[in-house]
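**Student:** Coordinates only, no sequence provided:
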């Protein structure tokens, strides 16, 4: 980021140095102060221009605060201009985010009954186990040993749902 600014300042100083003759006495304090203020102003303007250029070349969604999802929608706005898919969500994305209800089990611990989606059951019945968030993984200790699985409330907060019919 600073390379273009330094190059511009060097070119500007060389241009000014050759264009104006310097008196034999050199620069006094006032001239040095003006020079430093001018260089600082040029550096600030150059940094502002560089920052603006970086934002324009990046993702526009980062500037506006709109989230861009993998399915081509921006907060419900269809960018493909296909009116047939306006209210339809991606089926493949929903299939990945639907966890089988039969894997929800209640486990007795010394602190009471706890519910979780069992890891073994999910590995057998759910194709996308490796895409479940690690932050939702839990290990509960029972009288029969530890049980590994996923916290249902955490999964719901992360956008997953069970396939239970209401």
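**Tutor:** Nice, thanks for sending it over. All of these numbers come straight from a predicted model, not from anything done at the bench.
**Student:** how deep is residue 53 tucked in, by neighbour count?
**Tutor:** Neighbouring residues of residue 53 were enumerated by other Cβ atoms under 10 Å; the total is 12. (C-beta placed from N, C-alpha, C; glycine too.)
**Student:** State the pLDDT value of it.
**Tutor:** Here the pLDDT value assigned to residue 53 is 73.
**Student:** what helix or strand is it on?
**Tutor:** The secondary structure element spanning residue 53 is helix 29-57 (assigned by DSSP states H and E).
**Student:** Okay, buried residues for that helix please.
**Tutor:** Of the residues in helix 29-57, those with enough neighbours to count as buried (16 or more other Cβ atoms under 10 Å) are residue 46.
**Student:** distance of residue 47 from residue 108?
**Tutor:** For residue 47, the distance to residue 108 (Cβ to Cβ, to the nearest Å) stands at 62 Å.
**Student:** Report the mean per-residue pLDDT for stretch 159-166.
**Tutor:** In this model, stretch 159-166 has a mean pLDDT of 76.
**Student:** now do stretch 26-36
**Tutor:** 81.
**Student:** Buried residues in the helix or strand encompassing residue 107, which are they?
**Tutor:** Element membership for residue 107 (DSSP H and E) is strand 104-109. If you call a residue buried by 16+ other Cβ under 10 Å, then strand 104-109 has these buried ones: 104, 107.
**Student:** Find the helix or strand that the closest residue to residue 129 other than its chain neighbours is a member of.
**Tutor:** With Cβ to Cβ, 6 or more residues apart in numbering as the criterion, residue 129 has its nearest non-adjacent residue at 5.0 Å, and that residue is residue 122. Here residue 122 sits within helix 119-125, counting by DSSP H and E.
**Student:** what's next to that helix, contact-wise?
**Tutor:** Contacts of helix 119-125 from elsewhere in the structure, counted by Cβ atoms under 8 Å, 6 or more residues apart in numbering, are 99-100, 102-103, 105, 129, 132, 148-150.
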